[in-house]
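# sequence unknown, structure follows:
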């Protein structure tokens, strides 16, 4: 059972990494540091969008908008951290 817990923790860590890369990449695109007309960048952003947007959309549905500030990635990251901590603490040994 501990190997299953390790697998779940690694999947959560991988998703947190994907979410962090997506957030940084969107900032870089918004500040015109990288350009999406490059096919590799566009494909990478498409993959990151498809992986991270479903969870972000779910959170955006329930939180109010704060103008131009999007706090949904922070909430998703904190929820993943909380779920990971719960799994580690209460997983049957």
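Looks like it arrived, so ask away. On a predicted model such as this, the values are computed, not experimentally measured, just so you know.
# skipping adjacent residues, who's closest to the most centrally placed residue in the chain in space?
What sits nearest the mean C-alpha location of the chain, by Cα atoms, centre = their mean, is residue 19, with 2.5 Å. Nearest non-adjacent residue to residue 19, counting by Cβ to Cβ, 6 or more residues apart in numbering: residue 52, 5.1 Å away. For glycine as for every other residue, the C-beta is placed from the backbone atoms N, C-alpha and C.
# avg pLDDT for the helix or strand encompassing the one you found?
Per DSSP states H and E: residue 52 is located in helix 39-62. Helix 39-62 carries an average pLDDT of 94.
# what's it in contact with?
Outside helix 39-62, the residues within contact range by Cβ atoms under 8 Å, 6 or more residues apart in numbering are 15, 18-19, 21-22, 25-26, 29, 34-36, 70, 72-73, 75-76, 79.
# what helices or strands is the longest helix along the chain leaning on?
Across the chain, the helix with the greatest residue count (assigned by DSSP state H) is helix 2-30. Helix 2-30 is packed against helix 39-62, helix 72-90, with contacts defined by 3 or more Cβ pairs under 8 Å, 6 or more residues apart in numbering; DSSP states H and E.
# which parts of the helix holding residue 52 are buried?
Buried residues in helix 39-62, counted by 16 or more other Cβ atoms under 10 Å: 44-45, 48, 52, 55-56, 59-60.
# got it, and stretch 86-93?
So for stretch 86-93, nothing qualifies as buried (16+ other Cβ under 10 Å).
# contact partners of that stretch?
Applying Cβ under 8 Å, 6+ apart, the contact partners of stretch 86-93 are 1-2, 5, 8-9, 12.
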